[in-house]
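[1] this one's structure only:
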């Protein structure tokens, strides 16, 4: 807390300036304008400001964020009138902040308030410097012009494996579970798209893909089509549909989704983006 003793504001002096004091690792001065400052001059108020001092020793581009409170001592009751200012950014262009209407002349001169006693008063300031912490990231996105559409006629469906293909410089696998995966076991066919490379990419990278998967009706020419758009990363290497189609519908002989243990699957992959984030120090 810095303080300054001042004489009556009626002395005709434009401003009072305190000696340097230190707060938060910086040097400051408190400046009092008895008849106001700038556009508030003559407004019947006392203006109080803080100025960052010794700035010539600070590094180029310096800035200091601080919250300040100004005090006026009541010499009769041994307490303070206090007014807190907003957090302000002190920098080379603006190194002076304060309160243009800290206290009115009428309040200041009122004897019962104890602010002015025997032509003397005591002002003070408390300063909290906010340590700046920032994290910056540089984001880059690269879109691949590759698009992929392929139809697979998969025989021996009951014992199928995985089909692999490449789009946007990345390897992908179509992963089918004839009797459902763990969450839909025995009730649905599950179909997923798996990024083969995702497990090896940098943790700051992601790959976005828009995928459509279609299971075709080989008898009626219809199809069951589901789509999604998702970011693949080291923590998400596959995405799809655990319940793509109920097994009862898949095995329905009136529908041609499964014919002689053969299914026809079409995959369309487009809009492959590579997303990278680089931290800035």
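    Structure received. Note that the structure is predicted; figures quoted are calculated from it, not measured.

[2] Residue 39 should be in a helix, yeah?
    Yes - under DSSP: H, G, I helix; E, B strand; the rest coil, residue 39 sits within a helix.

[3] Check the gap between it and residue 244 for me.
    Residue 39 is 71 Å from residue 244, where distance means Cβ to Cβ, to the nearest Å. Just so you know, the C-beta spots here come from the backbone N, C-alpha and C atoms, and that holds for glycine as well.

[4] what about those two, which has more around it?
    Between residue 39 and residue 244, counting by other Cβ atoms under 10 Å, residue 244 is the more crowded of the two (21 against 8).

[5] list the contacts for the more buried one?
    188-191, 213, 215, 224, 226 (Cβ atoms under 8 Å, 6 or more residues apart in numbering).

[6] ok, now residue 36?
    By Cβ under 8 Å, 6+ apart, the neighbours of residue 36 are 42-47, 100-101.

[7] And for residue 122, the neighbour number?
    Per other Cβ under 10 Å, the neighbour tally for residue 122 reads 16.

[8] Flag every buried residue along the host helix or strand of it.
    Using DSSP states H and E, residue 122 sits within strand 120-130. Of the residues in strand 120-130, those buried by neighbour count under the rule 16 or more other Cβ atoms under 10 Å are 121-125, 127, 129.

[9] now do stretch 73-90
    Going by 16+ other Cβ under 10 Å, stretch 73-90 has these buried residues: 73-75, 80-81, 85, 88, 90.

[10] go on, stretch 51-66?
    Under the neighbour-count criterion of 16+ other Cβ under 10 Å, stretch 51-66 has 51-53, 58, 64, 66 buried.

[11] ok, back up a step: highest neighbour count among the contacts of residue 244?
    residue 189 (27 neighbours).
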